[in-house]
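Novice: generate a structure from the sequence data that follows.
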Amino acid sequence: MSQLRPTGLLAPRSIPRQAWSQEFSVPYCPESPVVMKFLFVHQNMPGQYRELLSWLVQQGGHEIVFLTQRKGLRIDGVTTVTYQPHHQPGKEAYGLSKDWEAAAGAGLGAALAARQLQRDQGFKPDIIIGHTGWGELLFMKEIWPDVPVIGFFEYFYRTSGGLVGFDPDAPPNDQAGFFAQARNSVPYASIEVVDQGHTPTYWQRDRFPTSFHDRMYTCHDGIRCDRLQADPAASVGLGRLSRPLTRDDEVVTYVARNMERARGFHIMMRALPQIQAKRPKARVLMIGGNETSYGSESSHPKGLRGKMEAELGDQVDWSRVHFLGKVPYDDLCRIIRISRCHIYLTMPFVLSWSLLEAMSMQATVVAANVAPVREAVRHGATGMLVDFFDPTALADQVTDVLDNPGAYAHLGPAARAHVLENYDFLSRCLPEHIAQINALVPAAKRITI
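Specialist: So this is what the prediction gives:
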């Protein structure tokens with residue numbers, strides 16, 4: 001049995017203060033009185049707190065510490081403290097307890113770093129805001145029992161209605177329910193150690209048991225619609241082309257963190273031959289990595305992309321398909337702004353920021369007709385929906401959008417209006433997040449917008 005010792009953590013009594021200070025990306029040195037002291041906790045900083053963190057920094061007057069596993073990222077106005085999990089399960093760890101073992105190790109690592117921050121620097125937050133999925137908040141109340149905690153609840157595992165059991169080619173085995181329940185040990189424990197839960201969409205909220213609902217508020221992280229607007233003058237240069245692509249070109253776009261089955265990459269690829277046959281001038285720009293974020297990995301040595309390229313062979317004119325990999329955010333936005341038709345495919349899972357960002361930029365969206373997408377896209381009003389498993393239907397819809405732009409011209413402006421009303425960070429999401437924070441802190445600490 002492993003002992004509780006600070007594995008990978010700088011221990012305050014054995015490591016000189018100078019060495020500990022090197023763990024800070026930005027030195028911890030508040031120079032003036034602060035309005036509120038924030039502790040954000042997320043293994044991959046900034047995570048879902050990108051916009052909120054940026055706004056708090058710009059507002060000024062707050063002391064902000066971010067506890068994370070991510071190293072090397074500097075954000076002006078934010079003190080970054082890195083931690084390592086105290087323990088990680090081995091390859092032969094018992095499957096049903098493996099997720100809890102990992103969460104407990106991450107939680108203890110985060111808590112020990114928080115305790116060291118308290119002891120060495122005298123830091124005590126007014127509020128803690130963090131993600132519950134990896135266990136990082138599990139022990140924060142042991143460090144600061146009276147500090148309120150807002151926990152982000154992203155996903156509750158079930159054997160229906162989500163990724164598991166959706167794809168008939170990958171049916172769940174007879175142990176799937178046991179593993180789903182075992183993974184849910186983390187949210188079950190987390191709901192008891194937070195003062196308020198937070199979930200970004202109603203579909204995600206409804207994945208959780210009803211007993212969670214009264215202890216959560218539902219509000220998206222927020223989309224910066226003020227920065228994400230259409231730009232008719234946008235252009236994108238590609239290495240193999242002699243001139244930049246613009247809105248005058250037939251550009252079809254597809255975006256996912258990784259090109260994988262959960263995000264419908266195989267369906268997208270199988271629609272290509274028909275799209276190209278009907279639209280000989282169309283160019284397809286694909287953005288995303290070749291790894292697997294969700295579900296099982298492809299057995300093909302070149303990943304799912306390699307598998308689909310081998311399956312389709314010369315059915316596709318590869319000179320008109322551009323795999324761009326993972327691109328900088330500004331480039332992503334320029335690509336969406338020149339898109340005539342933006343494709344968003346997903347199995348029932350967490351809604352991608354990229355869909356809402358594309359809608360804010362008035363893209364004409366063709367998306368998978370699944371529950372989390374229907375929360376954001378209304379068929380014929382703010383986008384078009386197609387059967388996830390039907391590449392022919394996808395190709396027909398995309399080519400019709402390209403054939404008849406006038407018939408779909410209303411979708412982009414309506415999509416932006418919908419995102420402004422429901423997902424805009426400044427006007428819709430920020431006021432709700434600040435109200436939830438203010439409800440947990442003393443009146444003298446409350447933030448005004």
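Novice: look through this structure and tell me its longest helix.
Specialist: helix 95-121 (DSSP state H).
Novice: just the strands in the stretch 201-350 of the chain please.
Specialist: Assigned by DSSP state E, counting those that start in this stretch, the strands in the stretch 201-350 of the chain fall at 216-218, 235-236, 245-246, 251-258, 283-289, 321-325, 341-344.
Novice: can you redo the ones you listed as TSV with distance to Asp120 and mean neighbour count?
Specialist: All C-beta spots, glycine's among them, are computed from the backbone N, C-alpha and C. TSV is the format used below for these (distance: least, CB to CB, whole Å; neighbours: other CB atoms under 10 Å):
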stretch	distance to Asp120	mean neighbour count
strand 216-218	34	17
strand 235-236	49	18
strand 245-246	53	18
strand 251-258	37	23
strand 283-289	38	21
strand 321-325	41	16
strand 341-344	46	27
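Novice: ok, which of those strands comes nearest Val35?
Specialist: strand 216-218 (22.3 Å; CB to CB).
Novice: got the phi and psi for Ser339?
Specialist: phi -70, psi 130 (degrees, to the nearest 10).
Novice: ok, now which ones touch it?
Specialist: Ser339 makes contacts with 251-253, 285, 358, 363-364, as judged by CB atoms under 8 Å, 6 or more residues apart in numbering.
Novice: 10 Å instead, please
Specialist: 234, 236, 245, 247, 249-255, 285, 358, 361-365, 412 (CB atoms under 10 Å, 6 or more residues apart in numbering).
Novice: leaving out the residues flanking it, which one is nearest to it?
Specialist: Thr253 (4.1 Å; CB to CB, 6 or more residues apart in numbering).
Novice: can you check the pLDDT for the one you found?
Specialist: Looking at Thr253, its pLDDT stands at 98.
Novice: okay, and the beta partners of it?
Specialist: Per DSSP bridges, the residues bridged to Thr253 are Leu285, His342.
Novice: my guess is it contacts Val284, does it?
Specialist: Yes: taking contacts as CB atoms under 10 Å, Thr253 lies within contact range of Val284: 7.7 Å.
Novice: and Asp76, backbone torsions?
Specialist: When read as degrees, to the nearest 10, the backbone of Asp76 gives phi -60, psi 130.
Novice: would you map the helices across the stretch 101-250 of the chain?
Specialist: In the stretch 101-250 of the chain, the helices defined using DSSP state H, counting those that start in this stretch lie at 140-143, 176-183, 185-190, 202-207, 210-213.
Novice: distance from the chain centre to the third one, please.
Specialist: A distance of 20 Å separates the C-alpha centroid of helix 185-190 from that of its chain, computed with CA atoms, centre = their mean, to the nearest Å.
Novice: where does this structure have low pLDDT?
Specialist: Scanning the chain for pLDDT under 70 picks out 1-34.
Novice: pop the domain breakdown of it in here.
Specialist: Residue ranges for the domains of the chain, per automatic domain parsing: 17-222+426-445, 235-423.
Novice: need those in TSV with distance to Leu228, can you?
Specialist: Shown next, in TSV, are the domains of the chain (distance: least, CB to CB, whole Å):
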stretch	distance to Leu228
domain 17-222+426-445	11
domain 235-423	4
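Novice: quick one on the thing from earlier: who touches both of Thr253 and Val284?
Specialist: With CB under 10 Å, 6+ apart as the test, Thr253 and Val284 both reach 322, 341, 343.
Novice: quick one: which of these is nearest Ser211?
Specialist: Ile343 (37.7 Å).
Novice: does that closest one really touch Val398, like I thought?
Specialist: Yes: at 6.7 Å, Ile343 counts as touching Val398 under the criterion of CB under 10 Å.
Novice: and for those two, which residues touch both?
Specialist: Common neighbours of Ile343 and Val398 (CB under 10 Å, 6+ apart) are 252, 268, 271, 275, 284, 366, 386.
Novice: one step back: give me the angle between the longest helix of the chain and helix 176-183.
Specialist: Angle, helix 95-121 to helix 176-183, by axes from the mean of the first three to the mean of the last three CA atoms, to 10 degrees: 10 degrees.
Novice: so which elements touch helix 95-121?
Specialist: Under the contact criterion of 3 or more CB pairs under 10 Å, 6 or more residues apart in numbering; DSSP states H and E, helix 95-121 touches helix 17-21, strand 37-41, strand 63-68, strand 79-82, helix 140-143, helix 176-183, helix 185-190.
Novice: any idea which of these gets closest to Gly90?
Specialist: helix 176-183 (16.9 Å).
Novice: buried set for that closest one?
Specialist: For helix 176-183, burial by neighbour count (16 or more other CB atoms under 10 Å) applies to 176, 179-180, 182-183.
Novice: same check on stretch 312-320?
Specialist: For stretch 312-320, by 16+ other CB under 10 Å, it's 316, 320.
Novice: what sits up against that stretch?
Specialist: Residues from elsewhere that reach stretch 312-320 (CB under 10 Å, 6+ apart): 240-241, 250, 252, 269-270, 272-277, 279-284, 308-309, 321.
Novice: and Ser211, what does it touch?
Specialist: 188, 191.
Novice: do you know how far it is from Phe156?
Specialist: Computed as CB to CB, to the nearest Å, the Ser211 to Phe156 distance reads 11 Å.
Novice: so how far is Thr292 from the closest residue to Gly133 other than its chain neighbours?
Specialist: Distance criterion CB to CB, 6+ apart; nearest residue to Gly133, sequence neighbours excluded, is Glu154 at 5.3 Å. Counting by CB to CB, the gap from Glu154 to Thr292 is 18 Å.
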